[in-house]
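[1] using only what follows, build the 3D model:
(one chain, ligands or ions: 1)
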Amino acid sequence: MPADFDGSNPATRWARFCDLLWYDEGLGLWLDVSRMALNQRDIEGMQPAFAKAFAAMAALESGAIANPDEQRMVGHYWLRTPELAPDAETAGHIAGEIDRIEAFGHQVLAGGLQAPGGGTFTDVLWIGIGGSGLGPLLVIEALQAEGQGLPFHFIDNVDPQGISRILGRLDDRLGTTLVIVVSKSGGTPEPRIAMEQVRARLEQRGGRWAGQAVAVTMVGSRLDRLAEAEQWLARFDMFDWVGGRTSITSAVGLLPAALTGTDLRAFLDGAAAMDAATRAAALTANPAALLAASWHVAGHGRGQRDMVVLPYRDRLAVFSRYLQQLVMESLGKKLSRDGQVVNQGIAVYGNKGSTDQHAYVQQLRDGVDNFFVSFIEALDDPADIPALAGERPGDVLEGFLQGTRTALMESGRQSLTITLRRFDARSLGALVALFERAVGLYAELVNVNAYDQPGVEAGKLAAASILDLQGRLEGLLADGAPRTLEALGQELQTADPEPLFWILRHLSANDPAYRVSGSWAEPASLAFARV
Ligand SMILES: O=P(O)(O)OC[C@H]1O[C@H](O)[C@H](O)[C@@H](O)[C@@H]1O
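    Prediction:
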């Protein structure tokens with residue numbers, strides 16, 4: 001039985017550390033939650049809730065409609081253990097897609113599949129947002145060996161400056177760039193618009209779109225139909241029952257691995273091994289349950305402490321962004337599954353250690369106590385970075401991690417630590433699967449649907465109505481007559497002049513045909529005309 005959380009006594013601390021430490025030899029992974037406020041009383045008190053959560057997870061894995069709002073099954077666990085899928089056809093389809101992805105990667109890298117104008121592909125341009133962008137970015141940043149496979153470039157936004165920068169960088173290599181357009185729904189505006197920009201530029205530079213374009217999307221989506229009609233180079237399936245934020249073990253994460261010569265089977269194997277470990281139906285034997293329970297206690301079940309992710313490995317700097325979507329889009333919900341207003345969630349931020357120790361860790365140690373730190377470290381230091389003048393960078397990094405962990409404890413701040421024996425494709429798969437399961441279990445504890453995202457729709461709808469308003473506004477101003485915002489509002493029958501101000505400020509910054517009189521500091525004084 002672990003002693004209660006109390007940093008002041010080394011003997012108690014050590015006993016607690018030994019009692020709570022989770023380790024799996026096959027995974028090469030330790031989890032230490034001894035410096036979280038998880039006490040024996042909590043562990044006992046949570047048993048019934050966890051028994052229900054484990055049962056819910058088992059039902060989810062066997063194909064229950066775990067996402068009732070969208071009437072969908074939730075099957076990311078099947079992606080790394082296809083035989084778990086509810087029927088043989090689905091299992092065969094998953095396994096077949098993995099084989100196809102692997103073969104496609106080999107063909108592109110070996111030059112069997114060439115750019116339409118001849119020659120091997122030189123680059124990959126990946127267009128996708130949210131889960132269709134973050135997982136691939138993590139795979140590339142974390143796993144691509146220097147100089148191995150194709151260089152990757154990402155467009156994960158509709159920012160014209162961002163698009164311009166990437167197109168400028170590729171420029172005369174656009175004809176030999178493999179463009180991968182990724183959207184589960186196949187209708188998200190940002191990647192669709194970015195794709196059209198890329199396509200236009202690529203064709204200007206003599207490229208042939210269909211011979212260079214690949215789609216990753218649901219069968220039958222708008223994107224899928226386009227790719228099929230135009231006979232794009234390849235299409236890969238994004239299954240209906242996989243959400244964007246848990247799609248990294250689908251083509252979304254496997255294709256980047258295949259195109260960089262990364263061992264995608266090891267990645268899947270690590271995730272599958274962690275899935276097996278996190279099926280243990282006992283709280284202290286299950287690392288995902290230990291995580292979920294620690295988060296719950298730290299934030300009083302209401303997300304009152306933020307998760308600060310501090311990986312002590314540069315290659316994992318993007319992991320906090322990845323977790324941001326996984327955790328916040330899954331848990332950040334207004335309503336419980338019973339329709340009660342709960343406003344749940346856990347805020348996630350972070351970058352990497354020890355770098356952040358020279359930035360915001362000051363506040364973590366001395367400022368507002370509204371967080372817990374998740375340290376992540378890997379033990380394998382590369383052999384080509386030796387000790388110089390008695391200083392070995394790997395030892396210094398480890399020392400800084402321990403130092404920060406101790407300094408936090410001394411001021412009563414909570415932290416947990418995940419230690420990987422090795423940092424590789426297998427351990428990244430395990431790490432991702434660990435957090436996926438912890439999020440699923442936590443959602444059961446706080447009774448929210450982790451697999452929908454109704455809040456995202458509100459912003460999308462509002463954006464669509466702004467673009468509609470802009471269209472009508474431009475139509476009105478086409479007659480050349482100057483109008484105040486109030487007059488425009490009346491003619492457009494909108495009671496709110498503020499969106500008109502925002503639209504016209506942007507339009508007039510980009511189109512010299514817009515003439516503005518009055519003072520920008522006094523919006524009501526402004527009049528606009530298109531001459
Ligand atoms: O892959 P897509 O369908 O284009 O979706 C991309 C992303 O945008 C949506 O708005 C969702 O909130 C995300 O969960 C999703 O990953």
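[2] which element, helix or strand, includes the residue nearest to Asp381 when sequence neighbours are not counted?
    Of all residues not flanking Asp381 in the chain, Gly394 sits nearest, at 3.3 Å (CB to CB, 6 or more residues apart in numbering). The C-beta positions use only the backbone N, C-alpha and C, and glycine is treated the same way. In the assignment (DSSP states H and E), Gly394 maps to helix 393-410.
[3] ok, whichever residue of the stretch 401-531 of the chain sits closest to the ligand - how many residues close by?
    For the stretch 401-531 of the chain, the residue closest to the ligand is Val456, as judged by CB to the nearest ligand atom, at 3.9 Å. Per other CB atoms under 10 Å, the neighbour tally for Val456 reads 11.
[4] surely Leu467 is within a helix?
    Yes - the assignment for Leu467 is a helix, going by DSSP: H, G, I helix; E, B strand; the rest coil.
[5] quick check: Leu441 vs Ala58, distance?
    From Leu441 across to Ala58, the span is 12 Å (CB to CB, to the nearest Å).
[6] can you check Arg321 too?
    Distance from Arg321 to Ala58, by CB to CB: 31 Å.
[7] do the same with Leu283
    15 Å.
[8] what about the two, which has more around it?
    Set side by side, Leu283 and Ala58 give different neighbour counts by other CB under 10 Å, the larger being at Leu283 (22 against 12).
[9] got the contact list for the more buried one?
    Leu283 is in contact with 43, 46-47, 50, 289-290, 293, counting by CB atoms under 8 Å, 6 or more residues apart in numbering.
[10] from Leu290, how far off is it?
    For Leu283, the distance to Leu290 - CB to CB - is 7 Å.
[11] between those two, which contacts overlap?
    Counting by CB under 8 Å, 6+ apart, nothing touches both Leu283 and Leu290.
[12] how about the contacts made by Arg422?
    Applying CB under 8 Å, 6+ apart, we find Arg422 in contact with 28, 378-380.
[13] those residues in helices, which ones?
    Using DSSP state H, no member of the contacts of Arg422 falls in helices.
[14] now these: which count as buried?
    Buried members of those, scored by 16 or more other CB atoms under 10 Å, are 28, 378.
[15] how about the contacts of Arg422 in TSV, adding pLDDT and distance to Gly96?
    Below are these laid out as TSV (pLDDT from 0 to 100; distance: CB to CB, whole Å):
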residue	pLDDT	distance to Gly96
Gly28	98	30
Ala378	98	33
Leu379	98	37
Asp380	97	34
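[16] the contacts of Arg422 in strands, which ones?
    Using DSSP state E, the members of these that fall in strands are Ala378.
[17] how close does the residue nearest in space to the middle of the chain sit to Gly133?
    Centroid check for the chain by CA atoms, centre = their mean gives Tyr322 as the closest residue, at 3.2 Å. Between Tyr322 and Gly133 the computed distance is 10 Å (CB to CB).
[18] near the ligand, which residues of the chain show up?
    Residues of the chain lying close to the ligand (CB under 6 Å from any ligand atom) are 129-132, 183-185, 188, 191, 244-245, 329, 453, 456.
[19] switch these over to CSV; also include pLDDT and secondary structure.
    Putting the residues of the chain next to the ligand into CSV (pLDDT from 0 to 100; DSSP: H, G, I helix; E, B strand; the rest coil) gives the following:
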residue, pLDDT, secondary structure
Ile129, 98, coil
Gly130, 97, coil
Gly131, 97, helix
Ser132, 98, helix
Ser183, 98, coil
Lys184, 96, coil
Ser185, 94, coil
Thr188, 95, coil
Pro191, 97, helix
Gly244, 97, helix
Arg245, 98, helix
Glu329, 98, helix
Gln453, 94, coil
Val456, 89, helix
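[20] kind regards, and thank you for your time.
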